[in-house]
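J.: Provided below for reference: sequence and predicted model.
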Amino acid sequence: MPAAKKKTATATASARIHDTFIVGAGISGLAAAIKLREAGLHDFRIIEQAARVGGTWRENTYPGCGCDVPSALYSYSFFPSSKWSRLFAKQPEILRYLEEVSDTLGITPLIEFDTALENAAWDDTRHVWVLDTSRGRYLARTVIFATGPITEAQVPALPGLDGFTGDMFHSARWNHDLDLTGKRVAVIGTGASAIQFVPEIQPKVKSLLVFQRTAPWVLPKPDLPLGDTAKQVIERLPVIQRGWRQAVAGSLNAINFGLRNPGVLKPVSAAARQLLRLQIRDEGLRRAVTPDFTLGCKRILFANNYYPALQADNTTLIPHGLVGVEGNTVVAANGERHEVDVIIWGTGFEVSHPPIGRRVVNANGDRLSALWQSGSPEAYLGATMEDVPNAFLVLGPNVLVYDSFIGLAEAQLGYIVDGLRQIKAGGISKLTIRPDVLRAHNEKVQRHLQTTVFNSGGCRSYYLDQNGRNFAAWPWSLAALRQRLSRFSLDDYDVLREVAQR
């Protein structure tokens with residue numbers, strides 16, 4: 001812990017105290033507001049740092065951006081849509097869907113846009129959160145941090161970047177004003193974003209260098225367009241969409257079973273290797289793109305056009321990481337040097353330490369990001385953290401299941417809103433997860449993760465933080481997670497009621 005403690009925030013006595021404050025209007029923040037209203041809890045505020053809803057689907061606009069979970073499941077259970085144009089929707093369609101949900105269900109007028117959270121500190125004297133924003137200070141009895149795990153673009157600090165005179169940007173900050181036609185382009189990284197935008201830019205550029213530090217598993221994507229007839233049938237017969245949603249959920253549950261039991265994935269891995277022989281003609285390239293770890297250890301990627309783009313005449317795969325830049329020359333780990341006009345970072349996001357930690361101060365006066373510098377983030381059911389009273393994370397540590405983030409957020413928000421309802425009904429002024437409950441939960445989670453493919457599959461994935469600890473995955477089934485989130489138990493928490501303060 002840091003040696004110096006920050007002073008506990010002191011709230012202004014005259015300021016109005018709201019019951020709940022929601023930070024973020026992405027998929028989680030919108031669902032939080034909807035579920036609060038469904039529970040009869042109306043005294044809440046929502047802030048969003050941007051000018052529109054959408055979260056990651058607002059920020060990521062790179063060519064080819066889309067979801068790798070079918071649209072039938074990557075949508076709210078309470079707001080099915082018959083408008084999807086494909087089995088797997090693209091970014092513009094997902095963003096329009098989220099805006100439609102927000103507008104139709106009356107959430108948009110409740111959101112304070114262009115309002116960024118700058119600091120959130122617990123006032124242990126009055127048992128309120130003091131929230132400093134770009135538009136002023138607010139007070140709230142409880143807070144839902146719905147800022148999401150995929151928000152902070154990550155660019156490695158490499159020698160020579162300051163001297164690069166060409167254009168350079170991260171995929172999450174795509175420069176749409178730059179025409180890539182005829183440019184010599186280096187793409188750094190071969191993760192989920194890169195495999196989507198590489199095929200889109202390859203036909204335009206003069207030359208394309210793809211720097212691959214670790215070969216990912218890329219499987220065919222069973223994507224199809226949905227014409228007007230299909231949309232009309234889905235709209236008229238909702239049972240078809242429900243069946244579609246259940247079928248997709250069943251498929252993902254089967255994948256989850258394999259991730260928890262890596263031996264089951266060995267035949268799948270063998271079949272995927274054989275498929276590569278059909279997809280990649282050149283033996284050297286095929287060897288370079290063949291992963292050396294068990295399928296599922298890193299995120300499984302789905303694409304039909306990525307391997308064809310790698311085999312194009314103007315594309316060169318460099319199966320090494322980028323280690324430096326000298327002028328306009330990029331230098332690979334094997335010593336290869338290439339002069340380029342543009343560098344595009346497909347290097348993902350800072351996910352091991354939730355970015356919201358830089359803005360949150362706990363009951364002891366410690367900033368969460370400072371605590372996490374020497375340790376790993378921990379939460380109970382991905383929602384509540386030690387010494388952070390009356391506050392909830394959505395999609396926090398160790399709640400990730402291979403499924404729709406929207407479905408996970410809905411399940412977790414059911415738990416959170418149940419907790420908020422009990423806080424209000426029970427006159428609770430301070431509720432904090434018990435340290436022994438948190439410790440026992442996380443010890444069990446980490447013990448069971450050891451046999452999953454994430455920990456035993458032979459790779460170094462972003463699921464593991466700098467301490468080698470799996471901060472992300474849930475080691476059991478989605479059904480088990482939903483069961484644990486089905487009821488908020490006050491027995492797991494230290495509770496102080498308002499009457500006790502009189």
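T.: Structure's in. What do you need?
J.: And for Gln450, the neighbour number?
T.: Using other CB atoms under 10 Å, Gln450 has 11 neighbouring residues. The C-beta positions use only the backbone N, C-alpha and C, and glycine is treated the same way.
J.: dump the residue contacts of it.
T.: For Gln450, the contacting residues are Ser456, taking CB atoms under 8 Å, 6 or more residues apart in numbering as the criterion.
J.: what packs against the helix or strand harbouring Asp132?
T.: Secondary structure from DSSP states H and E places Asp132 in strand 128-133. Based on contacts counted as 3 or more CB pairs under 8 Å, 6 or more residues apart in numbering; DSSP states H and E, the elements that strand 128-133 packs against are strand 17-23, strand 117-123, strand 136-145.
J.: Need the contact partners of the next helix or strand after the longest one.
T.: Proceeding C-terminally, strand 136-145 gives way to strand 167-170 as the next helix or strand, assigned by DSSP H and E. For strand 167-170, contacts defined as CB under 8 Å, 6+ apart pick out 153-155, 161, 175, 178, 341-345, 347.
J.: Going through those, which ones are buried?
T.: Of all these considered here, the ones buried according to neighbour count by 16 or more other CB atoms under 10 Å are 153, 341-345, 347.
J.: before we move on, the earlier item: of the helices and strands packed on strand 128-133, which approaches Thr229 most closely?
T.: strand 17-23 (39.8 Å; CB to CB).
J.: circling back: of the buried ones among the contacts of strand 167-170, the lowest pLDDT goes to which?
T.: Least confident entry in the buried ones among the contacts of strand 167-170, by pLDDT: Ala153, with 81.
J.: which regions of the stretch 301-450 of the chain sit below the pLDDT cut-off?
T.: By pLDDT under 70, the weakly predicted segments of the stretch 301-450 of the chain are 351-352.
J.: biggest helix in the chain, by residue count?
T.: Counting residues, the longest helix found in the chain (DSSP state H) is helix 238-260.
J.: packing partners for that helix?
T.: Using 3+ CB pairs under 8 Å, 6+ apart as the contact criterion, the secondary-structure elements in contact with helix 238-260 are helix 228-236, helix 453-456, helix 478-484.
J.: what about the helix or strand just after that helix, average pLDDT?
T.: Following the chain from helix 238-260 toward its C-terminal end, the next helix or strand by DSSP H and E is helix 266-279. When pLDDT is averaged along helix 266-279, the result is 91.
J.: now helix 266-279 against helix 238-260, angle please.
T.: Between the axes of helix 266-279 and helix 238-260, defined by axes from the mean of the first three to the mean of the last three CA atoms, to 10 degrees, the angle is 100 degrees.
J.: Packing partners of helix 266-279?
T.: Where contact means 3+ CB pairs under 8 Å, 6+ apart, helix 266-279 is packed against helix 283-289.
J.: In terms of residue numbering, what are the domains of this protein?
T.: Each structural domain of the chain that the record assigns through the TED database is listed here as a residue range: 17-152+351-497, 155-216+261-347.
J.: Could you work out which of those domains reaches nearest to Ile255?
T.: Closest of the domains of the chain to Ile255 is domain 17-152+351-497, at 5.2 Å (criterion: CB to CB).
J.: Tell me where the protein has helices.
T.: Counting by DSSP H, the helices of the chain are 27-38, 56-59, 91-104, 194-201, 228-236, 238-260, 266-279, 283-289, 306-310, 368-372, 405-425, 435-449, 453-456, 478-484.
J.: buried set for the longest one?
T.: Of all the residues in helix 238-260, those buried under the rule 16+ other CB under 10 Å are 241, 244-245, 248-249, 252, 255-256, 258-260.
J.: The fourth one too?
T.: Across helix 194-201, burial judged by 16+ other CB under 10 Å covers 194-199, 201.
J.: What is the most widely separated pair among those residues?
T.: Maximum pairwise distance in these, criterion CB to CB, is 12.1 Å, between Ile195 and Ile201.
J.: Lovely, talk soon.
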